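*Asks:* structure of the sequence below:
(one chain, ligands or ions: 1)
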Amino acid sequence: MYGTIASVTTPPLLQALAGTRPRTLPVWFMRQAGRSLPEYREVRRGVAMLDSCLRPELAAEITLQPVRRHNVDAAIFFSDIMVPLKLAGVGVDIAPGIGPVMDAPVRTASDVAALVTRELGDVSAITDAVRLVVAELSQTPSGDASWTPLIGFAGAPFTLAAYLVEGRPSRDHLAARAMMHADPASWNALLTWCARISGEFMAAQVAAGASAVQLFDSWCGSLSLADYAARVAPFSREALALVEGAPRLHFGTGTGHLLAEMAKGADAVGVDYRTPLDEAASLVPGKPLQGNIDPALLASGWDALEAATRDVVERGRRAPGHVVNLGHGVPPETDPDVLTRLVALIHSLPA
Ligand code: CP3
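*Replies:* Purely as a prediction, here's the structure:
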């Protein structure tokens, strides 16, 4: 896939996602931008979460903060899985300390029928921010051919639907799972719409310069394999299929039983901290893996974190490529210096 000259400048992240072993292990962190960084809290002061995502200069600045600080191998675009819903005109807010809250939950067949007439709308705030980020990430000190790729993302159809139907964060997503069984026609219409909105949101980021994408299905672990395979996975694949020209990562939590299904239609699979990577490698043979240091270890002292990281890296050798990450997002109370030190450790290990 890559020529000899290109391979010199292909960043480790993209080499690992192509199923090869770069000279150093690539690492980035889900939620690396955000509340763990004082410089984030500073620029976010007085600006509502979703508003910050729609101001291109601010979203670009927040995206770049952790790259400057930690020397990670990728930027993750600062946005939210709720942003495409907002762009489509859906009434949604992110309540601090709670999470996404909808003005009106989508509960009935007529609620769904009204929703699915909406289009994604104007994505220029997003594509402008992506262009600003990519321009800065491509500026390299003279003589250094390296550049840092930007990862775009979207929420997977099930996770989006869980918020839309429940109206707010929930533990078991009972209302969403009830609709799935009680009204399959509405469920299919809802997930078809979510897949299109998410797929178009990712494709817009790639068209503006993102080098990879990640589809986040944070809540699909609440489903049985049978329900996931029949009623959810086809829509996640529809979303991923709208992305061309960039490797596609697929991540969820509590997904040990779903990994093989999640791998279909994706180029690499993100694994949460519950499934050891060597086990994951045998569940999805041939696929590069991403993960999966338990975020709790960031607050467990350096010795425990270092030992666990070395173990994750060892187990990751069973996969054709390995992108080191946490098994879920950076907790807000994390000491950012621990993340910086962790990146240096991972870069020092034999790839
Ligand atoms: O660094 C990054 O990872 C980039 C940005 C990013 C955010 N949200 C910013 C954000 C990404 C990739 C997301 C994805 C996201 N958003 C997911 C999937 C990933 C996951 O964690 O499972 C989900 C489920 C959401 C929905 C959402 N948005 C939640 C549950 C919350 C937390 C609410 C809270 O206050 O505890 C948000 C808000 C949010 N999204 C914040 C950030 C930095 C915190 C808001 C703030 O700083 O005020």
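*Asks:* residues in the stretch 101-250 of the chain within reach of the ligand, list them.
*Replies:* Phe153, Thr159, Phe216, Ser218 (CB under 6 Å from any ligand atom). In this view, the C-beta of every residue, glycine as well, is placed from N, C-alpha and C.
*Asks:* let's verify the third one: helix, strand, or coil?
*Replies:* Remark: Phe216 carries the secondary structure label strand [criterion: DSSP: H, G, I helix; E, B strand; the rest coil].
*Asks:* quick one: contacts for it?
*Replies:* Counting by CB atoms under 8 Å, 6 or more residues apart in numbering, Phe216 touches Ile81, Phe153, Ala154, Gly155, Ala156, Thr159, Phe251, Gly252.
*Asks:* switch the cut-off to 10 Å
*Replies:* Phe216 makes contacts with 30, 81, 153-156, 159-160, 198, 249-253, 270, 329, as judged by CB atoms under 10 Å, 6 or more residues apart in numbering.
*Asks:* farthest pair within those residues?
*Replies:* Largest separation among these by CB to CB: Ser198 and Gly329, giving 18.5 Å.
*Asks:* residue of the stretch 201-350 of the chain nearest the ligand, please.
*Replies:* Ser218 (3.1 Å; CB to the nearest ligand atom).
*Asks:* roughly how far apart are the residue nearest to that residue when sequence neighbours are not counted and Ile62?
*Replies:* Leaving out its chain neighbours, the residue that sits closest to Ser218 by CB to CB, 6 or more residues apart in numbering is Thr159, at 4.9 Å. Counting by CB to CB, to the nearest Å, the gap from Thr159 to Ile62 is 22 Å.
*Asks:* which ones are touching the residue nearest to Ser218?
*Replies:* 81, 100, 173, 176, 194, 198, 215-220, 232, 236, 252-253.
*Asks:* following the helix or strand containing it, which helix or strand shows up next?
*Replies:* In the assignment (DSSP states H and E), Thr159 maps to helix 157-166. From helix 157-166 onward toward the C-terminus, using DSSP H and E, the following helix or strand is helix 174-182.
*Asks:* next SSE after that next one?
*Replies:* helix 184-207.
*Asks:* look at Ser198 and Gly329 and report which has more neighbours.
*Replies:* Neighbour comparison, Ser198 and Gly329: the larger count goes to Ser198, with 31 against 18 (by other CB atoms under 10 Å).
*Asks:* give me the beta-bridge partners of the nearest residue to that one once chain neighbours are set aside?
*Replies:* Nearest residue to Ser198 in three dimensions, chain neighbours excluded: Ala154, at 3.8 Å (CB to CB, 6+ apart). Note on Ala154: beta-bridge partners by DSSP bridges are Leu215.
*Asks:* which stretches of the stretch 1-150 of the chain form strands?
*Replies:* 75-76, 92-95, 99-102, 150-155 (DSSP state E, counting those that start in this stretch).
*Asks:* please convert the ones you listed to JSON lines, extending it with mean neighbour count and mean pLDDT.
*Replies:* Formatted as JSON lines, the strands of the stretch 1-150 of the chain follow (neighbours: other CB atoms under 10 Å; pLDDT from 0 to 100):
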{"stretch": "strand 75-76", "mean neighbour count": "26", "mean pLDDT": "98"}
{"stretch": "strand 92-95", "mean neighbour count": "17", "mean pLDDT": "97"}
{"stretch": "strand 99-102", "mean neighbour count": "19", "mean pLDDT": "97"}
{"stretch": "strand 150-155", "mean neighbour count": "27", "mean pLDDT": "98"}
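*Asks:* which bits of the stretch 251-351 of the chain sit near the ligand?
*Replies:* Residues of the stretch 251-351 of the chain lying near the ligand (CB under 6 Å from any ligand atom): Gly329.
*Asks:* picking that back up, next, the angle helix 184-207 makes with the helix holding Thr159.
*Replies:* If you take axes from the mean of the first three to the mean of the last three CA atoms, to 10 degrees, helix 157-166 sits at 120 degrees to helix 184-207.
*Asks:* quick one: average pLDDT of helix 157-166?
*Replies:* Here helix 157-166 scores 98 as its mean pLDDT.
*Asks:* the inter-axis angle of that helix versus strand 150-155?
*Replies:* 50 degrees.
*Asks:* how far does helix 157-166 sit from its chain's centre?
*Replies:* Distance of helix 157-166 from the chain centroid (CA atoms, centre = their mean, to the nearest Å) equals 16 Å.
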